[in-house]
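Asks: Structure for this input, please:
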Amino acid sequence: MIYSKDEMIKNIKTKCSEDILKSTRLVLESITLVRAISPISDKLRQQAIDKVKPTYYGYTDSGIPVPGIVELTSTRITKWEHVSFANADEKKEIFSYYDKLMKKAGYGDKPGVCYRLQCESILLAAEGVLIHELEAITGIKSSRLILREHREKYLDIFLKTIVTINPEYFDSLKTKTLTAS
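Replies: Numbering: from 1, shown residues only. Model (predicted):
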């Protein structure tokens, strides 16, 4: 188990495999992709909400009231994170319109498949592989990084450290990452 940044640096220098470098590169490229698509996606999501003007529907599809949401029934939804609380027809219309906007913007070519979610899924999978590979260096198992904030902090520390130690391997990514931030 690593307890200090110095120990991590020492272990990275002595135990870092080509697989870890490749996984690190994939994580960095995935972060860049997610950062690049997010502002575009956010804008188009808001356009879809503004067009459809969904309202909260405080019941499940089978008619069971949803505590905390049923009180909001018929109130307008303004946040994408809350679109799942709209009725089925409004959800379908929002997702369809958002899909159309994304295609028009040049993202995604499969109907019903969200390009942003694909990018985020690739990032999550790449992070999982990297965390698994890092067990040999850090002694930290992925099961100890269940909370998103812990996982992000762990990866942030590792990524900053490895890019500093092996700059030549990651130089080609600097421009991409800085541009997408």
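Asks: Which helix or strand contains the residue most central in space within the chain?
Replies: Geometric centre of the chain, nearest residue: E120, 3.7 Å, by Cα atoms, centre = their mean. Under the criterion of DSSP states H and E, E120 resides in helix 115-138.
Asks: May I see the buried residues of that helix?
Replies: By neighbour count on 16 or more other Cβ atoms under 10 Å, the buried set for helix 115-138 is 115-116, 119-120, 122-123, 126-127, 129-131, 133-134, 137-138. In this view, the C-beta of every residue, glycine as well, is placed from N, C-alpha and C.
Asks: for stretch 133-153, same thing?
Replies: In stretch 133-153, counting by 16+ other Cβ under 10 Å, buried: 133-134, 137-138, 140, 142, 145, 151.
Asks: Out of these, flag the one nearest to Y107.
Replies: Set against Y107, the nearest of the buried residues of stretch 133-153 by Cβ to Cβ is R151 (26.3 Å).
Asks: quick check, the closest one in a helix?
Replies: Yes - counting by DSSP: H, G, I helix; E, B strand; the rest coil, one finds R151 located in a helix.
Asks: Kindly provide the distance from it to I157.
Replies: 11 Å (Cβ to Cβ, to the nearest Å).
Asks: How about A48?
Replies: Distance of A48 to I157, computed by Cβ to Cβ: 37 Å.
Asks: These two - which one has more neighbours?
Replies: A48 (21 against 13; other Cβ atoms under 10 Å).
Asks: Model confidence score at that one, please.
Replies: In this model, A48 is scored at 97, pLDDT.
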